[in-house]
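Engineer: The following block contains a protein sequence and its predicted model.
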Amino acid sequence: MRLALARRGPRAGRGLKPSAGWLGLGWLLALPAGLPIVIVLLHFGGAEPGVLAHLNGQVLPRVLGNTLWLVAGVAIGAGLLGTAAAWLVAVYDFPGRGLFAWALLLPMAVPGYVMAFVAIGLLDYAGPVQSALRAWLGPQAGLPPIRSYGGVVLVMSLVLYPYVYLIARNAFATQGRRALEVGASLGLGAFASFRKVALPLARPWIAGGVLLVAMETLADFGTVSAFNYDTFTTAIYQSWFGLFSLGGAMHLAAMLVAIVALLVLAEQALRGRARYNVGRSPQPLKRLRLRGGAALCACAALSLLLIVAFVLPVAQLAFWAVGELGELSMPRLTEAAGNTVMLAAAAALLIVVLAGLLGFARRMQGGFAMRLSTRLATLGYALPGPVLAVGIFTPLAGLSAWAGAGLNWSLSLQTTLFALLLAYAGRFLTVAHAPVEANLQRITRAMEEASTSLGIGGWRMFGRVHLPLLRGGLAAGATLVFVDVMKEMPITLMMRPYGWDTLAVRIYEFTAEGRWEQAALPAVLLVITGFLPVALLTLRGEK
Amino acid sequence: MQLELDNLRCAYDDTPVLSGLSFTLAEKQIGCLLGPSGCGKTTALRAIAGFEPVTGGQILLDGEVISRAGYRLPAARRRMGMVFQDYALLPHLNALDNVAFGLHAWPARQRRARAREYLGLVGLKGSDRRFPHELSGGQQQRVALARALAPEPRLVLMDEPFASLDVDMRGHLLREVRDILRRCGATALMVTHNQLEAFAIGDRIGVLEGGRLAQWDTPYNLYHRPVSRFTASFVGDGVLLSGQMRPDGRVATEIGDLNGRLSGSPSPDGRVQVLLRPDDIVHDDRAGMTAVVHDKAFRGADILYTLALASGARVLALVPSHHNHALGESIGIRLETDHLVVFPETS
């Protein structure tokens, strides 16, 4: 995709000239994501001896097993749900299909940690469902405990399946019907065609979606903390804020980075392969009409998924939230909401500008070094928040101590906010970069040359050609970052200025104390903003 | 405006792309640079437009040096209108605003009037408000042409402007573009790999081979008086047949003595290769000489026969298509040459 821009010979254009400066800018932009990786890897095994022994002996075996099992379970769960839903929606036609096509993306609007506390509040031993069961069937009646491995896997699969669904649906939409026809011509039935033709064809895409899910699972902090299910991310948090060992936190972070690296490499390998098959049949094929029982089954299965993954939790959330309206906690909530919006807006503005600069740097300067810096700068989606938090905090604290600005633990408010924004940039630069880059690709070299030859070059061209054409991508990028920062939990929790709460932090505190009703109000606000990116995705999909 | 290239050289990273290109395009003429891909024709155009630096020689516009080694008048100040292969219309502007884009120095009202006038000139009256994606390929091309012409550029440059159009559209638009350019009195230079396009539009055509100009001439001379083997084989169909110069100026070949005005020069020993175009060989059932039909291509009104001579050499003959002969059949041929192009025998 990017190769299309690479052109033989020197690049044209006045004013915006290729130079070492662009490469320098590229590496500067790679710092927020790249620096923490280097820092934590350098601190592997660097904790205090007692802490290190405790971590390696007690924490690590449990956390490593927990993390890997969780990733495996969620990858399978989300993979199955996403693929099945995508197949039904992409290949068949049945009542409600059009509605399901976009509604199945709605669970994306619910942050994992919100889904988690709603599930726990509903299904815990003391919750309304089990209480009702006991009242109805006697004291022995009940469900298996929700705070368990199965519970976390279920909740995270329900939250993350849309990643697989979205990618697999596009893959099936372009080749699903053809796969059925190929299968039929070889004497296979619908299910056999799906298994033997369509699935292998779409495997690179599905695997890509599943890998994204795996990365999200590795990076998750809020959901697993709600379940008290210890993984690397919670262990890093515990090491820092429980054992007060930043060294221990980095020791664990280094190992998490190693696991992430494996997934990123797997994803790279897949991307290379998927590229070859892309775009064989540009026009979506006609869908097969389902009738009678089959149509009913498809409709019922997707309804069940949607109800469990979205309707029930949101309804429960709304119920709790309405009950909380006008309670005493309102002023603190307003303050947290104000902080959140301010922080998210600042981050969105900053990061979208950085994304624009990164896109331009890449455009003006080709070559391996530039590609590498771009890749590094956009690696953030794979980096768990706690890794970024410790990896950014350490050098800044060191710098500030060196400059005599204060002790490690009490950075000034400005420094802290700056560090926080830097960590967000590390994590979310890729989110803003994708739409900006997509728009940038649409501006061809010939358009720039046409403008130049008509007497409009340099910065005037930037204002009259680039900026109008980038507007949509910049707006989309800013919106996505805004929403992501609003929902962000671990970085904010670990790096915020003392006593400076956001909605996600309030939810974390309420959840830790089991006060689901109070957590519901901030959660509703997050879910509402969470609809923005879903709407964007739906609109872009329909274009 | 007169364009002059004087021994122009261009290179990418020490690989020479153009090695000494010289020609002059007179005012109000339409020139074409013709050649296979990789011959450097696009580089030449981009150097003239000011998008590529030159490593030697110079480019002059009306006597003023606009490019030489170490100096490049910025593209934005050359006042040249460029039509790109993919048209490069700006997708966020409608047709009118695209045409008005280059008129930025004009007062708003005149700018719009002028843009409208040029949209009308290219036959798109009333399409002001349509956006590029709402226009067909041919319409986009017209908008691109109007955009290039509206600021009354000193030179119009066109980079394979017809390559993205389908064949039917191409022939129609070719004539139209030529007429529009003439009406505007524009001096224009087009790059193409398609000789029919070059023939249809060019007053002067330059044939490029490996970064060198093989010939800069009128379409007629290029076809009938090629000065190099490359031009002879690249432009039009034809074969080179071995022969021997006679003292009386005729050329003896295995199909008889050829007669006509001579151009080119033989080897010192008088051996030559003579260019035979398909229209030099006429099919005549009463003719004494025969050749065997080796291959045939039906073209509607006529058939292009590839004929095998006794020696095994092949010649081409363009024959009205009601003379339909089977492969392997012997048919009578007669020569009808009025000028002869000869090259020295190579071996």
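Structural biologist: Done, it's in. Numbers count the residues shown, from 1 in each chain, chains lettered A, B, ... in the order given.

Engineer: Can you get me a residue count around A:Tyr35?
Structural biologist: Check again: residue A:35 is Leu, not Tyr. The burial metric for A:Leu35, expressed as a neighbour count using other C-beta atoms under 10 Å in any protein chain shown, is 19. C-beta: built from backbone N, CA, C; applies to glycine.

Engineer: how far does the strand or helix carrying it sit from the chain's center?
Structural biologist: For A:Leu35, the host element (DSSP states H and E) is helix A:20-42. Helix A:20-42 sits 21 Å away from the centroid of its parent chain (C-alpha atoms, centre = their mean, to the nearest Å).

Engineer: in that helix, what's buried?
Structural biologist: When neighbours are counted by 16 or more other C-beta atoms under 10 Å in any protein chain shown, the buried residues of helix A:20-42 are found to be A:22-23, A:25-27, A:29-37, A:39-41.

Engineer: for the helix or strand that it is followed by, packing partners?
Structural biologist: Next helix or strand after helix A:20-42 toward the C-terminus (DSSP H and E): helix A:49-54. Contact partners of helix A:49-54 among helices and strands, from 3 or more C-beta pairs under 8 Å, 6 or more residues apart in numbering or on different chains; DSSP states H and E: helix A:246-277.

Engineer: tell me the mean pLDDT for whatever helix or strand comes next after the helix it packs on?
Structural biologist: Once helix A:246-277 ends, the next helix or strand along the chain (criterion: DSSP H and E) is strand A:288-289. pLDDT averaged over strand A:288-289 equals 84, rounded to a whole number.

Engineer: re earlier: the helix holding A:Leu35 vs helix A:246-277, what angle?
Structural biologist: Angular relation of helix A:20-42 and helix A:246-277 on a 0 to 180 degree scale: 130 degrees, by axes from the mean of the first three to the mean of the last three C-alpha atoms, to 10 degrees.

Engineer: Does anything pack onto helix A:20-42? Which helices or strands?
Structural biologist: In terms of contacts (3+ C-beta pairs under 8 Å, 6+ apart), helix A:20-42 is packed against helix A:246-277, helix A:330-364, helix A:368-377, helix A:385-402, helix A:413-442.

Engineer: Off-centre distance for the third one?
Structural biologist: Yep, that's helix A:368-377 we're talking about. Averaging C-alpha coordinates over helix A:368-377 and over its chain gives two centres that are 21 Å apart (C-alpha atoms, centre = their mean).

Engineer: Can you get me a residue count around the closest residue to chain A within the stretch 101-250 of chain B?
Structural biologist: Relative to chain A, the nearest point of the stretch 101-250 of chain B is B:Gly102 (3.3 Å; C-beta to the nearest C-beta). When neighbours are defined as other C-beta under 10 Å, B:Gly102 has 25 of them.

Engineer: swap in A:Gln441?
Structural biologist: 15.

Engineer: quick one: it and A:Trp27, what's the gap?
Structural biologist: A:Gln441 is 22 Å from A:Trp27, where distance means C-beta to C-beta, to the nearest Å.

Engineer: all helices for the stretch 51-200 of chain A, in order.
Structural biologist: Defined through DSSP state H, counting those that start in this stretch, the helices belonging to the stretch 51-200 of chain A, from first to last, are A:60-91, A:97-103, A:112-123, A:128-137, A:149-185, A:190-193, A:199-219.

Engineer: Show me what counts as buried in the longest one.
Structural biologist: Within helix A:149-185, the residues scored as buried using 16+ other C-beta under 10 Å are A:151-177, A:179-180, A:182-183.

Engineer: Would you mind listing what in the stretch 1-150 of chain B touches chain A?
Structural biologist: Contact residues (C-beta under 8 Å from any C-beta of the partner chain) of the stretch 1-150 of chain B with chain A: B:12-13, B:46, B:49-53, B:74-82, B:84-86, B:88-92, B:101-102, B:104-105, B:147.

Engineer: The residue nearest to the residue of the stretch 101-250 of chain B closest to chain A when sequence neighbours are not counted: what's it in contact with?
Structural biologist: With C-beta to C-beta, 6 or more residues apart in numbering or on different chains as the measure, A:Leu454 is the residue that lies nearest to B:Gly102, at 3.3 Å, once sequence neighbours are left out. Shown here is A:Leu454, whose contacts under the criterion C-beta atoms under 8 Å, 6 or more residues apart in numbering or on different chains are B:Gly81, B:Phe101, B:Gly102, B:His104, B:Arg147, B:Pro151.

Engineer: Between these, identify the one with the most neighbours.
Structural biologist: Neighbours here are counted as other C-beta under 10 Å. On that basis the top member of the contacts of A:Leu454 is B:Arg147, with 32 neighbours.
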